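Undergrad: build me a model from this:
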Amino acid sequence: MSDLNADSAGAGSALGPGWSLDIHAFFNHWNELREGADIPTSEKFLDSPSPTYMSTSYICDLTDEGAMVRFHGTALAERWGRDFTGHEIHDRRTPEFKQHSLMNMRHVVDRPCGYVVRLAFSTSTGRMLQSELIQLPLSVKPGRPPRLVCHAIKDAGYDAGEFIKLYVKTLEVAWADLGSGVPDSPPIDLISP
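TA: Alright, predicted model coming up:
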């Protein structure tokens, strides 16, 4: 993960320093798609796909059932050991993990704001690695459920056939101000200490 902790990246941006170059680049891509609006439309995001990010991104609709995946990139499906398209993203996670994650997601779409997290996890081969993820809102047509796009860093040091087995610890978490401020309290930790 040569670009993880790229402290000089984005100094002064809405993300702040300390996040990977890849996370900053994805944020910049999302920001360019706004075209003067508060947030980009789902159609603009999907009609302007970036080969750099599509395989490592997923899109969720927030419904009464949870965060239903409408698009799931192929690299993430390999990394996570399954394709979540059409399923709730927290499937097989603890109820507490799902509840905390959904609360953070609701802030992303309701305020709107961004959410960035760095996690430590174990892999299917027993190695310990780190990953970063950013969640950003997408606007939808009236009557449709709120939607967000999530991007996980492209190269987290995975070996072929290796996938995430267990999230172990939250290393860093933050909101990103997109122009509407951020919640008064920090994001909820997905993994209880």
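Undergrad: what sits against residue 65?
TA: Contacts for residue 65 (C-beta atoms under 8 Å, 6 or more residues apart in numbering) come out as residue 88. Glycine gets a C-beta too; all of them are placed from N, C-alpha and C.
Undergrad: any idea how far it is from residue 174?
TA: 28 Å (C-beta to C-beta, to the nearest Å).
Undergrad: next one: residue 105
TA: 15 Å.
Undergrad: more neighbours: which of the two?
TA: Per other C-beta atoms under 10 Å, whichever of residue 105 and residue 174 has more neighbours is residue 105, with 22 against 17.
Undergrad: wait, is that one part of a strand?
TA: No. Going by DSSP: H, G, I helix; E, B strand; the rest coil, the assignment for residue 105 is helix, not a strand.
Undergrad: that one touches residue 67, doesn't it?
TA: Yes. Contact status for residue 105 versus residue 67: in contact at 5.9 Å, counting by C-beta atoms under 8 Å.
Undergrad: shared neighbours of these two, anything?
TA: Going by C-beta under 8 Å, 6+ apart, residues that sit against residue 105 and also against residue 67 are residue 60.
Undergrad: what stretches of the chain score poorly on pLDDT?
TA: 1-13, 154-167, 192-193 (pLDDT under 70).
Undergrad: now the helices for it?
TA: 21-32, 42-47, 74-80, 95-110 (DSSP state H).
Undergrad: can you give me the buried ones in the shortest one?
TA: Residues of helix 42-47 classed as buried under the neighbour-count rule (16 or more other C-beta atoms under 10 Å) are 42, 44, 45.
Undergrad: ok, the last one - contacts?
TA: When you say that, I think you mean residue 45. 30, 33, 59, 138, 149.
Undergrad: ok, the first one - contacts?
TA: For residue 30, the contacting residues are 40, 45, 136, 149, by C-beta under 8 Å, 6+ apart.
Undergrad: go again using 7 Å as the cut-off
TA: Taking C-beta atoms under 7 Å, 6 or more residues apart in numbering, we find residue 30 in contact with 40, 136.
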